[in-house]
Each structure stands twice: as structure tokens, then as C-alpha cells.
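Participant: I need the structure of the sequence given here:
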Amino acid sequence: MHAKDILIDGYGRIQEEVHAALDGLGPDELHRSPAHGANSIAWLVWHLTRVQDDHVADAFGLDQVWLSEDWEKRFGLDLPRHDTGFGHSPAKVAKVRVESAGLLTGYCDAVHEQTLGALRGLAAKDLEQIVDERWDPPVSLGVRLVSVLSDGLQHVGQAAYLRGLFQSAAA
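Facilitator: All right, here's what the predicted structure looks like:
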């Protein structure tokens, strides 16, 4: 198995888990918070998808799907257009409101397709390319891709946990 195949599998798991976490949820469940100021399922999924979109697009020199495919307009959030949710205050978290889980899964699927397209063209040597010199040591493409993969899996795991928490409380 090649490194790109492992990455493709890993990013596929994010997409699968996003769909599982959101399946059948309505707006109330999507925006419910476990505590005042804590992240909602909608915010967690929006954020993980924005980070993947932003970071993968940047690493491969692509346009963000958020902007190029008008997802920013479809969501209509009262946030700056390049916002990914990093460092959001509770007030900004509360601004991430959607009418349906379908909007979140649609955006996730679009970002996943762009990510797959980028990953399919990878050669092993590409993973060593430096994509961000703002860090010490500078960040290689391989490190960036694993970092985004880890972040995505952590956030979708949090969304799945909240779903289970809310469902068990309702039972």
C-alpha cells in the first residue's frame, strides 16, 4: 500500500463519519450545545470541513471549495469569508447555524472530492515538499496532510460523541 492510499482511506473515514454523525439530525440537535459556550455538532462539522478545505487547497495550490463553489453563500454565515473557525469565541460558534444536516454533508462531500483529486496525483516524493515555512521546522506536505486528517477525525469524533450524549439523554 502506498502512502497516498493510506491518506485516501483516512480522509474517506472522515467523510463516512461525518455522514454517520449527522444522519437524521434536525436543526435543534445540530445546534444543541452540551454546555453554555461549548461547540455544537453543526459547528464541529463545519469547522473540520473548513479546515480541510482551507489547508488542502493551500497545500496543493487550489481554490477553496467554500469560495469557488459558493458554499459560503449557501451557508450565509455572519462570519468573514475565509473564516475556518480557528479560535472561535462562544459568540462566533453560535453564528454557525444551518437549516439542515444536508448542507453540512454536501459541503463535506464537495471538499472530500477535491481532497481525493489532490491525493490521487501524489507521488511519495511529493510528501517531502515544504508547504509552510512559518513553522520551525517548516511543514512538509506529508505532515500537513496527517495533521489535517488527525484534526478532522478528532472533531468528527466529538460530533459523534455529542450525538450519542444527546440521544442517551433523550431516551
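Participant: you'd agree residue 18 is up against residue 108?
Facilitator: Yes - contact status for residue 18 versus residue 108: in contact at 4.8 Å, counting by CB atoms under 8 Å. In short, each C-beta sits where N, CA and C put it, glycine included.
Participant: can you pull the residues that touch both of the two?
Facilitator: By CB atoms under 8 Å, 6 or more residues apart in numbering, residue 18 and residue 108 have these common neighbours: 45, 49.
Participant: for the lengthiest helix in the chain, buried residues please.
Facilitator: When the chain is parsed with DSSP state H, its longest helix is helix 141-170. Residues of helix 141-170 classed as buried by neighbour count (16 or more other CB atoms under 10 Å): 141-146, 148-149, 151-153, 155-156, 158-160, 162-163, 166.
Participant: try stretch 59-72
Facilitator: Applying 16+ other CB under 10 Å to stretch 59-72 flags 59, 60, 64, 65, 66, 69, 71, 72 as buried.
Participant: just these: which are in helices?
Facilitator: Among the buried residues of stretch 59-72, the ones falling in helices (DSSP H) are 59, 60, 65, 66, 71, 72.
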